[in-house]
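**Q** 3D, please:
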Amino acid sequence: MKTLEKLLQLNRIIRVIGFDDAPFENKNATSVNVAGVVCAGSRFEGMVWGTVRKDGDDATAVLCQLLKQSKFYEQVHIVLIDGLGVGGFNLLDLPELAQQLERPCVCVMRRQPDMVAIQKALENLPDTAKRLELIRKAGPIHIQKPFYFQTQGGNPATVGKVLQRLTVEGHVPEALRLAHLIGSAVMTGQSGKRA
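**A** Residues are numbered from 1 along each chain as shown. Predicted structure coming up:
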């Protein structure tokens, strides 16, 4: 498989999967649905659908399984996730995800996270120290306007260029935007306002 650098250099289509969790009721939910949308550049090609435990610890394993057991695995060049938490504070082990999938894995954020607020929220959950370690292991937050992201398995400068290539407009790559819209529509009957 060609590297991201080579794909950019040759101006080839980059295939991406973007994962986002669907809306869920904060109080009563025990599980949360996750949509994974596959795009060739910004063109929708397919999707996977799964479930993680709300505030659990299975997000890394679930996303690995969803992609590796799909027909899309061999085609995908890069994996995008909407933030490090899936299903509340079910935090990804980003280095482990990149190693298992053998692809660059990138958590994309809309803004710089408020680490003080995050730490305070994590104190209400079991395994606080373990969850904080997962945030640390994800690596530094890179800013390449308009993107904020953490990456494992990919050069940050190259990843920034790839994010630009995969974004039609705004601050969200198309695969993540579609995953958000589809998750919202399935769970609430209509797509959400913010994607």
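**Q** Going by C-alpha atoms from here, please, whenever you check contacts or count neighbours.
**A** Noted.
**Q** Let's verify the residue nearest to the spatial centre of the chain: helix, strand, or coil?
**A** The chain has residue 81 as the residue nearest its centroid, 0.4 Å off, counting by CA atoms, centre = their mean. Assigned with DSSP: H, G, I helix; E, B strand; the rest coil, residue 81 falls in the strand class.
**Q** my guess is it meets residue 98, correct?
**A** No: contact status for residue 81 versus residue 98: not in contact, 11.8 Å apart, counting by CA atoms under 8 Å.
**Q** Centre of the chain to the helix ranked longest in the chain, how far?
**A** When the chain is parsed with DSSP state H, its longest helix is helix 174-188. With CA atoms, centre = their mean, to the nearest Å as the basis, helix 174-188 stands 13 Å off its chain's centre.
**Q** Stretch 163-179 now?
**A** With CA atoms, centre = their mean, you get 12 Å for stretch 163-179.
**Q** ok, residues contacting it?
**A** Applying CA atoms under 8 Å, 6 or more residues apart in numbering, the contact partners of stretch 163-179 are 14, 16-21, 35-39, 41-42, 44, 80-82, 108, 110, 146-147, 195.
**Q** Turn the buried ones among the residues you listed into a named ChimeraX selection, would you?
**A** Applying 16 or more other CA atoms under 10 Å to these, the buried members can be selected in ChimeraX as follows:
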select :14,16,17,18,19,20,21,35,36,37,38,39,41,42,44,80,81,82,108,147,195
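**Q** Looking at the contacts of stretch 163-179, which are in helices?
**A** Per DSSP H, these never map to helices.
**Q** Narrow the contacts of stretch 163-179 to those in strands?
**A** Judged by DSSP state E, the subset of the contacts of stretch 163-179 located in strands is 16-21, 35-39, 44, 80-82, 108, 147.
**Q** Pretty sure residue 88 sits against residue 58.
**A** No: applying CA under 8 Å, one finds residue 88 not in contact with residue 58, separated by 11.9 Å.
**Q** shared neighbours, residue 81 and residue 98?
**A** residue 105.
**Q** Now do the helices in this protein.
**A** 4-9, 59-68, 94-101, 115-122, 128-137, 156-165, 174-188.
**Q** now the longest helix of the chain and helix 156-165, what's the angle there?
**A** Angular relation of helix 174-188 and helix 156-165 on a 0 to 180 degree scale: 60 degrees, by axes from the mean of the first three to the mean of the last three CA atoms, to 10 degrees.
**Q** With just CA atoms, put helix 174-188 into PDB.
**A** Taking Å, rounded to 0.1, in the frame of the first residue of the first chain, the C-alpha atoms of helix 174-188 are listed here in PDB:
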ATOM      1  CA  GLU A 174     -16.200  14.600   4.700                       C
ATOM      2  CA  ALA A 175     -16.100  11.000   6.100                       C
ATOM      3  CA  LEU A 176     -16.500  12.400   9.600                       C
ATOM      4  CA  ARG A 177     -19.200  14.800   8.600                       C
ATOM      5  CA  LEU A 178     -21.200  12.000   6.900                       C
ATOM      6  CA  ALA A 179     -20.700   9.600   9.900                       C
ATOM      7  CA  HIS A 180     -22.100  12.300  12.200                       C
ATOM      8  CA  LEU A 181     -25.100  13.000   9.900                       C
ATOM      9  CA  ILE A 182     -25.900   9.300   9.400                       C
ATOM     10  CA  GLY A 183     -25.600   8.500  13.200                       C
ATOM     11  CA  SER A 184     -27.900  11.400  14.000                       C
ATOM     12  CA  ALA A 185     -30.500  10.400  11.400                       C
ATOM     13  CA  VAL A 186     -30.600   6.700  12.500                       C
ATOM     14  CA  MET A 187     -31.000   7.600  16.200                       C
ATOM     15  CA  THR A 188     -33.200  10.700  16.000                       C
END
